[in-house]
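> Below: sequence and its predicted model.
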Protein chains: 2
Amino acid sequence: MSNPAPSGGDLSRLRQLNSLAAIRVLRGAEPLTLSVLAERTGLSRPSTKDVMDELVGLGWVEEVAPVAGTMGRPARRYRFRADGGHVVGVDIGAHKVLAALADLDGNILAETRHTVDPDTPTDARLDAIDKAIAGCLSLAGLTRRDLWAVTAGTTGLVDPEGRVALSTAIRNWSGVDLAGRLSEMFPCTVLVENDSKLAALAEWQRGVAQGAKDVLFLHAGRRTGAGLIVDGKLHRGFAGSAGEISLLPLSRWADGSALLDGSPVVPTGIPPQDAARYVLSAARDGDPAAMESVERYVEVLALGAAMMVLTVDPELVILGGSFSRAADILLPPLRRRLAEVCMRPPELRVSTLGDECVVLGGIGYAIHHLDGRLFGVEGGLPTPLPQHADAMLTSGAPL
Amino acid sequence: MSNPAPSGGDLSRLRQLNSLAAIRVLRGAEPLTLSVLAERTGLSRPSTKDVMDELVGLGWVEEVAPVAGTMGRPARRYRFRADGGHVVGVDIGAHKVLAALADLDGNILAETRHTVDPDTPTDARLDAIDKAIAGCLSLAGLTRRDLWAVTAGTTGLVDPEGRVALSTAIRNWSGVDLAGRLSEMFPCTVLVENDSKLAALAEWQRGVAQGAKDVLFLHAGRRTGAGLIVDGKLHRGFAGSAGEISLLPLSRWADGSALLDGSPVVPTGIPPQDAARYVLSAARDGDPAAMESVERYVEVLALGAAMMVLTVDPELVILGGSFSRAADILLPPLRRRLAEVCMRPPELRVSTLGDECVVLGGIGYAIHHLDGRLFGVEGGLPTPLPQHADAMLTSGAPL
DNA sequence: GGCATTTACGAAGGAGCCCATCATTAGTAG
DNA sequence: CTACTAATGATGGGCTCCTTCGTAAATGCC
């Protein structure tokens, strides 16, 4: 069925495999001793030492001072050099541009936010992106030559080439070759993805969906969207439009949030971005008309969710987006409606990552992409490792 | 994101990898010479020879007579011993039980069909399954000890433990522990899966969906169902109910076919199993009322398909099931309706495997499952190979 | 039939990677 | 200062792979 294709090969391939296994053990963990490392990789101690020597030489790993106070001879300790490279995640929304810079372990080092509005012209928006990332870099004392990858998450449909195929939330955004424009700005790998998909990824990598095989992420906010993790992988779909239920008029997802912020309960004078919050709050306080609006909104949300849940049968559904702060009143009816149509309804959880979700997902996506080149078994033998390592050691600028 | 986990290890692991690579090259192909084998596996000739010696010793591969008439010294030729083991696929429908026996390459060696009806009691139905498989075995001159795996495909929802969670088409079928009952009958691996899922798998493995990454298979027949291939793998879902759109009343899939065989066009006296065919045929001849019925049916089919297509965004949709014989009149309106809601509509193709679809999928599923144990990188080092090989060599009966 | 050509086989030598073992070293505890 | 502990570093051996070379078994031409 799938093609695992370890494909065998050379002796050096074995070493490569073992090096990668070591990196994988080391990454994201505190510094480890050779003994522990040997145990976790399954290698013998001498071999582990060989591997570490090599990785230290390549710059992937560094030795740290041994810890004192233990019995016996102090053990060497090694750590993954997460600071060997950096990635950026950008969330391009209708009203804001949020950028975050992280090291190769995904630790956030800097974050900046710029305000825009839906009518901001494309060039100005791209400029805001540039400024946001530049801000992160200067906060962290880095230059754009230190970047290994940039992931942009944006509202709207993103095609496989990284162009915005369709965006209703941002004016004139449809058709922008975002990957192309960003590539001109940054001399590194540029990835573009739909924001809900990145949010799903973030929840899966470091949020409430960790460890789940299949996950549906619902973005409930001024837009309604979804992202899917299938079999432990972000599912994009052939045209990158997986989860774009809103294209089906029957789903009423396209203007689903209007049921909230267009509710008759909203008094005049409330700014549109606060309307939904007002209704949700009123519903919580027992206002019957507000409850009615919420009910209708959840019905729409649940219908689309049900379509996707029945299609994919995930074990977990995550409610995210700005409305998820009102999960206490959204979750019960949503759960009820899903239970009506599912043989075994998926567990329902609320996103905890807040509005950093998308940038976190972008960072994770970028790192995963780099990993793919590292851990990739694709070519069989050719070692992707020296590419990075070379760049890291010689110029300091990768790729 | 995913966890490829080759996890490195021993030298023997490398040999194992290379052995598996060799098997993979050999399997399903005509006998190959060492030179070709060496080229395709990427190994040197001497190493390839070593690997082949080992595999011949284990019984996975055998040498065949060299081919004459070529220049130079005749080269040894090796072939995968597909006859080293056998698997069975069974299609358990409401009206029939169809079984097929195949070798490890998936070549069909025998096939038998038994007629049942929806009211056949469970024990009698299981007996029909037993007889169908026994028939295949005796046709091929084998015993059930020669079977390595049996896959049963059945209408209805199949839970992860191989029980029938829900079946509307077969009386008293819900709740039957099919995997358990079959395990009592056959001393080998028993797998149970929904029939539409297996059909999807078959189309992907050897039908019109080969090579596609994501595929939606539509079963259009007396029941309406679906199967999904996601990222080159059969997607089951957490409870095994992926694609069970019919649980959503709005989809109207549960009684979708009634729009055809319950059409007012059908004259009295036509047996129910021929009614749909009559309507489709009448529609082809231009009968306006029949065309109207077909139109309504396609509308329902398309709605469910659209839900799943928008969720998964597959590159390919396959129309299968008995109604697919009338693809000429079903496909155009289906295509039109999908095009209305998709940014980039998936390609639409008609199944070519006919009613053997499910057994073929079952056979493929069984072989894949065995492969998983063979090629599986799961444990890291422990070699699954000797298990089979031992059994093969000593008793002739595996597992 | 004999000889050149072609193609594959098999053996030998060498390199890389991993492992087990053991003496040695650098700490802590008393 | 000595005993104990735990990790280090070096040695030797085994396995798998590779390259190279002489040999073997066919065909095709004379």
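Right, received. Where do you want to start?

> Next SSE downstream of the longest helix along chain A?
When chain A is parsed with DSSP state H, its longest helix is helix A:288-312. Once the chain leaves helix A:288-312, the next helix or strand it forms, by DSSP states H and E, is strand A:316-320.

> Check which element follows that next one along the chain.
Per DSSP H and E, the first helix or strand lying C-terminal to strand A:316-320 is helix A:327-341.

> State the mean pLDDT of that following helix.
Here helix A:327-341 scores 95 as its mean pLDDT.

> Could you list every helix and strand that it packs against?
Where contact means 3 or more C-beta pairs under 8 Å, 6 or more residues apart in numbering or on different chains; DSSP states H and E, helix A:327-341 is packed against helix A:272-284, helix A:288-312, strand A:316-320, strand A:347-350. C-beta here means a position set from N, CA and C on the backbone, and glycine is covered the same way.

> What distance do you get for the nearest residue to A:L147 once chain neighbours are set aside to B:K131?
Distances taken as C-beta to C-beta, 6 or more residues apart in numbering or on different chains put A:C188 closest to A:L147, at 4.7 Å, once the chain neighbours are dropped. As judged by C-beta to C-beta, to the nearest Å, A:C188 and B:K131 stand 65 Å apart.

> Mind checking which of these two has more residues around it?
Applying other C-beta atoms under 10 Å in any protein chain shown to A:C188 and B:K131 shows that A:C188 carries more neighbours, namely 21 against 14.

> quick one: that one and A:D146, what's the gap?
A:C188 sits 9 Å away from A:D146, taking C-beta to C-beta as the criterion.

> what lines up beside the one helix or strand A:F217 maps to in the sheet?
Here A:F217 is covered by strand A:215-220, with elements defined by DSSP H and E. Paired with strand A:215-220 in the same sheet, following DSSP bridges, are strand A:224-230 (antiparallel), strand A:316-320 (parallel).

> The residue nearest to A:L147 is in contact with A:T143, isn't it?
No: look at A:C188 against A:T143 with C-beta atoms under 8 Å: they stay out of range, at 11.4 Å.

> residues shared between the contacts of those two?
Here A:C188 and A:T143 have no joint contacts, going by C-beta atoms under 8 Å, 6 or more residues apart in numbering or on different chains.

> Any chance of CSV for the helices and strands packed on helix A:327-341, columns mean pLDDT, mean neighbour count and distance to A:A242?
What follows is the helices and strands packed on helix A:327-341, written out as CSV (pLDDT from 0 to 100; neighbours: other C-beta atoms under 10 Å in any protein chain shown; distance: least, C-beta to C-beta, whole Å):
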stretch, mean pLDDT, mean neighbour count, distance to A:A242
helix A:272-284, 90, 18, 26
helix A:288-312, 95, 22, 9
strand A:316-320, 97, 27, 15
strand A:347-350, 97, 18, 21
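
> Compile the ones you listed into a markdown table and extend it with columns for distance to DNA strand C.
Converted to a markdown table, those look like this (distance: least, C-beta to the nearest atom of the strand, whole Å):
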| stretch | distance to DNA strand C |
| --- | --- |
| helix A:272-284 | 57 |
| helix A:288-312 | 39 |
| strand A:316-320 | 37 |
| strand A:347-350 | 40 |
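
> Go through those and name the closest to B:E30.
For B:E30, the closest of the helices and strands packed on helix A:327-341 is helix A:288-312, at 40.1 Å, according to C-beta to C-beta.

> starting at the chain centroid, how far to that closest one?
25 Å (C-alpha atoms, centre = their mean, to the nearest Å).

> what do you get for stretch A:37-52?
Distance of stretch A:37-52 from the chain centroid (C-alpha atoms, centre = their mean) equals 32 Å.

> Show me which parts of that stretch are buried, residue by residue.
By 16 or more other C-beta atoms under 10 Å in any protein chain shown, the buried positions in stretch A:37-52 come out as A:L37, A:A38, A:R40, A:T41, A:G42, A:L43, A:S47, A:T48, A:V51, A:M52.

> Around DNA strand D, which positions in the stretch 1-150 of chain A sit nearby?
Applying C-beta under 7 Å from any atom of the strand, we find that the stretch 1-150 of chain A lies next to DNA strand D at A:8-11, A:33-35, A:45-46, A:49, A:70-76.

> repeat that with 10 Å
Within reach of DNA strand D by C-beta under 10 Å from any atom of the strand, the stretch 1-150 of chain A has these residues: A:8-14, A:33-38, A:44-50, A:52-53, A:63, A:66, A:70-78.

> DNA strand C next: which of these are close?
Within those, those near DNA strand C by C-beta under 10 Å from any atom of the strand are A:10-14, A:38, A:44-50, A:66, A:70-74.

> Quick check: closest non-adjacent residue to A:P160.
Spatial nearest neighbour of A:P160, chain neighbours left out: A:G240 (5.3 Å); criterion: C-beta to C-beta, 6+ apart.

> Run a quick neighbour tally on that neighbour.
The number of residues packed around A:G240, counting by other C-beta under 10 Å, is 22.

> So it sits against A:L166, correct?
No: the pair A:G240 / A:L166 is not scored as a contact, 10.6 Å apart, by C-beta under 8 Å.

> Mutual contacts of the two, please.
Joint contacts of A:G240 and A:L166 (C-beta under 8 Å, 6+ apart) are A:L157.

> coming back round to it: mind checking which of the helices and strands packed on helix A:327-341 is nearest A:G135?
Short answer: helix A:272-284, nearest of the helices and strands packed on helix A:327-341 by C-beta to C-beta, at 23.8 Å.

> Which strands or helices does that closest one pack on?
For helix A:272-284, the elements it packs on are helix A:258-261, helix A:288-312, helix A:327-341, judged by 3+ C-beta pairs under 8 Å, 6+ apart.
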